[in-house]
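Colleague: Predicted model, plus sequence, below.
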Amino acid sequence: MDSHNAWPALPLNEWQDTFRTLQLWTQIAGKVRLTLSPKVNHWWNVSLYVSPRGLTTSTIPYGTEALEIEFDFIDHELEIRAARRAESFPLEPSL
């Protein structure tokens, strides 16, 4: 790759299944955040943020606790973390 073309080509037809799966999974994470987070103007409270490993919701308040949902694109997992518990699920299409 030269400096004018630093990003690889990503033809959608070659990764359509991944695109659709990721879209659905991120919508679910966004709905969780929408439901649990205090409302902010322009729906800023539901965005996902770039993290060193993928995308994250950042901290979401949950009663007296807090949680975070992260899409780990390095290990291909969805991680849900709270102070006392963490779960991970493989990022793969549902059947």
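Modeller: Sure thing, it's come through.
Colleague: could you say what helices and strands the helix or strand harbouring Pro61 packs with?
Modeller: Pro61 is part of strand 60-62, with elements assigned from DSSP states H and E. When contacts are defined as 3 or more Cβ pairs under 8 Å, 6 or more residues apart in numbering; DSSP states H and E, strand 60-62 packs onto helix 16-36, strand 65-72. (Each C-beta comes from the backbone N, C-alpha and C, glycine too.)
Colleague: at 10 Å instead, please
Modeller: Packing contacts for strand 60-62, counted by 3 or more Cβ pairs under 10 Å, 6 or more residues apart in numbering; DSSP states H and E, involve helix 16-36, strand 65-72, strand 77-82.
Colleague: Distance to Thr56 and mean neighbour count for these - can I get that in CSV?
Modeller: Below are those laid out as CSV (distance: least, Cβ to Cβ, whole Å; neighbours: other Cβ atoms under 10 Å):
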stretch, distance to Thr56, mean neighbour count
helix 16-36, 9, 14
strand 65-72, 4, 17
strand 77-82, 9, 17
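Colleague: Figure out which of those is closest to Leu91.
Modeller: Checking those against Leu91 by Cβ to Cβ gives strand 77-82 as the closest, at 5.7 Å.
Colleague: Can you pull out the residues in contact with the closest one?
Modeller: In this structure, residues lying in contact with strand 77-82 by Cβ atoms under 10 Å, 6 or more residues apart in numbering are 25-26, 28-29, 32, 53-54, 56-57, 59-60, 62, 65-72, 86-92.
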